[in-house]
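**Q** What would the 3D arrangement of this be:
(chains A and B)
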Amino acid sequence: MITAISSRLQSNFRLRIPWLRIAWLGILIIGASLAPKPLIAQDYDHYQPLECMGPIPEELRTAASKKYERELAALGDSAQGKEGRARDNFLLQSNFVLDDMLLSGRVVFGDPVSAYITQVKDHILRDQPELQKVIRIYLVKSPVVNAFATNSGVLLVNMGLIAHLKTESELAFVLCHEIQHYIHKHPINNYVNSQNLKSNARLLGLNNAEDYIAARTRYSRTLELDADATGFDLYSKSGYSLAAAEGVFELLDYADKPYDQVPWDASAFEWEYLRFPAEFTKWPLDSINIKEDDDDTLSTHPNIARRRAVIAKRIADAGQDDGQVFQVGVEAFLDARKRCRFELCEFMLSNHAYEEAIYNCHLLQTEEPESHYLKKVIAEALYGLSTYKNARRFSDAHWDSDDVEGEFQQLAYFMEMSDRSCLNIVALHEAWEAYLADPTDPELKSVAQELMVQLFEKHRSTTEWLAHEKPATIPSLIDSLLQAKQLVIQARVQVPKEIVEGEETDDEEEEAEEEDPKQDPNAFLEWALTDLFQNETFAEAWAKQAAEAAAIKDEVYISATKQHALSRTERLKGVHLGIDKIVLVQPIYKSVDMRDEISVQYLASETALETYKETLAQMAKRNDLQYEFLENRNLEVGDVQEFNDVSTMLLWFSDHLNGDDEKVQLVNFKQEEAQALIDRFGTKYFAWNAEIEVTERLSRYNRTLWMMMGCAFIPVLPLAIYKNLKPQKRTLFVTMVFDLEKSEAIWESYHVLKANASETVTKATIYDKFLQIKRK
Amino acid sequence: MNKATAISFLLLLTCLALPAQGPGYLGRKSIIKIDGYGILASNDYRYNNAGIDGTWALGRINAGLEQITSRRNVLGLMAEYAQAGNPYAFDIRAPQGTGYGSTKIRMFGFALSLKRFPFLTAGRLAPIGPYFQVDACVRYATSKFYNDLRPTSGFPIGGHAHTGLGFSVGYETIVKSHLVLDLGMRLGFSDMRRMLFNGVTQKEHIINEDAGVLFTTDVFRLKLGIGWLLGK
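**A** Residues are numbered from 1 along each chain as shown, chains lettered A, B, ... in the order given. Below is the predicted model of the structure:
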């Protein structure tokens, strides 16, 4: 289960943040705990995500090329020779990759949590003021339990790590560990070592990729153990409890699991007239199985057992332990941790990890049982699950209950047992309850309406037998439920289990459901919505939807789902969007040469980006298209609002792209943030533009084919040689226009040119795109 | 209405029927253009009464205006001018074999063309990228004979009007912000047809049939064009 959840989380994260690959640069995982007074009070009933605050740090305002040049100059003579070139390459890549990360919209600074972590760091380094200044902390919006140290002194701490902490001392130990990575220059040494191994592979007897990886990770593991040992030395001087340091390893053991285990059952969605059959509950649950001494031969980190042993010995050798678990403060720690746990909800929804989101809310409800925000997240998560299930893509958003352990397994099992109509009704009920509690919330309104549309669209027969009035007496209800349970059991017995649960059976289930509603195993849902029918708003919406459903044929729904696909005419002749003003968000220009050791041409791309932006501006003007750039590069120190705006937009785009599945059209959950941007910029249209140039050699297969043809037909030989020597070039132009108000992409244009784009072609392409955006 | 006129008319209708939504290059839709053609010309001994055969290159210049009518189509109206000399002519007024000299031919004409950029790859904007073109032309040619003894006084030997239909492939690109470069080759439909039906030696006259002096083929041309985009 650990592996499964971990890979799921990491793959999701990697999808959206490719720069996580920086991990191989030699950065580490770790974790920790508590703190002082919260700087700003948070209303957990209406939780507001963390934003950047205060002045923008210098490194976020400086071009990566300048930072690279600065660090390269600091290398001095050590930049010479073979190892020097490796160091140079490392500095080049690490600076640009780190810059991408810092400007990705996922890094937060100046917020209460960052401030708290900085306080802990300052406490640890209170006797080393110089180092205190050099080490800069940034909080990363990521659910992964992780922290990174970079060569320049930037320490990135994931919110997932803070959410999992038990004590402040754990955080302190993590920071000590990461600080050692910086002090001993582990990232750059690790890179240089890996380059040495690569260039001397034959000499060192590294005959295959596995040998090479094993040799590289062996060195990496040595660095980790070194950072653990020296980090503990620093930690032991910081006044924290020595024994508490070991808690970090327990945290790592459970890094892939929810931060707590609190029983969950179907009663979370029950009310007086909705009781789920016993079948919906799994018993017994699989207990959590932790293995600390797994094989770490190919891992960058030693296994936890080895690391734990090193630290346990150090603790034993240190003797008396008179340190404290909290140095900065319990209250601040709890506040920081709680904020990060609330933040997890957003990540989970964004990553379509809806079941995790519901379980996370369940954990948080032990502290904030009445939080409207948590109810809203649950409603949105159920909406996501229901939408995926209705679209027969449930496996894309669901954990197989056999693959998970602990209390979370119960939730995954419940979702498996709920068929499409059942889940739709449950989601509808939760969403409408939340919406009626706060009718001003635009996201809940969209979700609630969308779920009702889905119910009528996908399960019309179900809508016909759902009761509108509560039953006269409770006993009759109980009898019915018992009867329903019996029907469920019969249905399960008649149909093999694997077919019942498989997606392929969805049609058959629905057919059975439509053929004989009285035999519906979901009969226990008959009174599920009776409380909502008492509400006038719901009853009106239901009646309206029912009337629409009766009047509209199925084809309308189908065409609605296809509205994003451009017609052939539109593809050939272009579109007419009729937009007068547009916001150009964080344009991207990348030049990639696959033949080079460092494929991304960082320095050239940075320079070309400025030209690209100028061209965008120039072409917008030629089309009389009003435009405004929204980007977080080259901002002034006080432009934190702009920085946050860009972050909001980048995450909004990311959410949209993450859910870009033709069959699963989801409502975007960041509508309030989107509306704020619309108000600020005076337009609801935001566009994302990118140009990516790729140069690569012809594939080996094609090269061989050409040479064979050249040898067979001598006149073709010159052409074959030419084809072998000439690099292949491609340029990808991307323009995506979003309507923030409707939360949808109204135009997505991908255009591949099989050549490097000249200035003329780039201008022509951009002009063409802006023309289509502007013309009516 | 002869065939070429009908085709030209249809071409025009096709272009007009297209929605005028072509952006051109940065909104510039009109191109002033000069095309230079190289044609392989030959003298056919069976027609010049001299039994002299020869092959030489014939140049031709087209000048005119092209208008971008849609994202992929360009309509062109060109004036054609060609001037050529035949150094192997005999004096048709003198007894056979007793007088010889050369002929000079001037040809004027008009051509209507439709250029189509079929691949939506290079910027999706005419006029950038590979193209196909069909054209229909109407030409009138005049010839003069120059006896070697009287080189300054030409003897008009008649004029001839004819029509033609061509199919071209080529590549066009913007070299600078206004400068258009056009490379292509043209196949003459009418000449091809004659070659197919009458054999390769039965080449079409395009300059002057009545005079029976100079005959050339117009099956294959190479083209180099330079254009200037109008607009700021």
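
**Q** Residue A:442 is in contact with residue A:674, isn't it?
**A** No - with contact defined as CB atoms under 8 Å, residue A:442 does not reach residue A:674; the gap is 9.1 Å. All C-beta atoms are positioned from the backbone trio N, CA, C, and that covers glycine.

**Q** Could you check which of the two is surrounded by more residues?
**A** Set side by side, residue A:442 and residue A:674 show more neighbours around residue A:674, with 24 against 14, by other CB atoms under 10 Å in any protein chain shown.

**Q** excluding its backbone neighbours, what's nearest that one?
**A** Excluding the flanking residues, the one nearest residue A:674 by CB to CB, 6 or more residues apart in numbering or on different chains is residue A:740, at 4.0 Å.

**Q** What are the neighbouring residues in contact with that neighbour?
**A** A:652, A:674-675, A:677-678, A:684-686 (CB atoms under 8 Å, 6 or more residues apart in numbering or on different chains).

**Q** residue ranges of the strands in chain B, please?
**A** B:30-43, B:54-68, B:73-90, B:100-116, B:129-147, B:155-174, B:179-188, B:220-229 (DSSP state E).

**Q** Chain A too?
**A** Under DSSP E, chain A gives strands at A:107-108, A:136-140, A:147-149, A:154-158, A:581-593, A:626-630, A:685-696, A:728-739, A:744-753.

**Q** what does the model give residue A:281 for pLDDT?
**A** Residue A:281 carries a pLDDT value of 87.

**Q** and if you look at residue A:79?
**A** pLDDT, read off for residue A:79, is 70.

**Q** again with residue B:200
**A** 43.

**Q** what about the residue in chain A that chain B sits nearest to, neighbour count?
**A** Distances between chain A and chain B by CB to the nearest CB are smallest at residue A:764, namely 3.6 Å. The number of residues packed near residue A:764 is 26, by other CB under 10 Å.

**Q** Do I have it right that it meets residue B:126?
**A** No - between residue A:764 and residue B:126 there is no contact under CB under 8 Å: 9.9 Å.

**Q** where in chain B is pLDDT low?
**A** B:1-23, B:40-58, B:84-101, B:120-124, B:148-153, B:157-160, B:190-219 (pLDDT under 70).

**Q** For residue B:182, see how far away the residue lying closest to residue B:118 once chain neighbours are set aside is.
**A** Spatial nearest neighbour of residue B:118, chain neighbours left out: residue B:132 (6.3 Å); criterion: CB to CB, 6+ apart. According to CB to CB, to the nearest Å, residue B:132 stands 13 Å off from residue B:182.

**Q** which of these two has more neighbours?
**A** Counted by other CB under 10 Å, residue B:132 and residue B:182 do not tie: residue B:182 has more neighbours, with 23 against 14.

**Q** what's near enough to touch that one?
**A** Residue B:182 neighbours (CB under 8 Å, 6+ apart): B:33, B:35, B:127, B:170-172, B:223-227.

**Q** Highest neighbour count among these?
**A** That'd be residue B:127 among these, by other CB under 10 Å, with 30 neighbours.

**Q** Kindly state the beta-bridge partners for the closest residue to that one other than its chain neighbours.
**A** Leaving out its chain neighbours, the residue that sits closest to residue B:127 by CB to CB, 6+ apart is residue B:172, at 4.6 Å. Taking DSSP bridges, one obtains residue B:129, residue B:182 as the residues bridged to residue B:172.

**Q** Residue A:765 reaches residue A:757, doesn't it?
**A** Yes - using CB under 8 Å, residue A:765 is in contact with residue A:757, at 7.1 Å.

**Q** who touches both of the two?
**A** By CB under 8 Å, 6+ apart, the residues touching both residue A:765 and residue A:757 are residue A:733.
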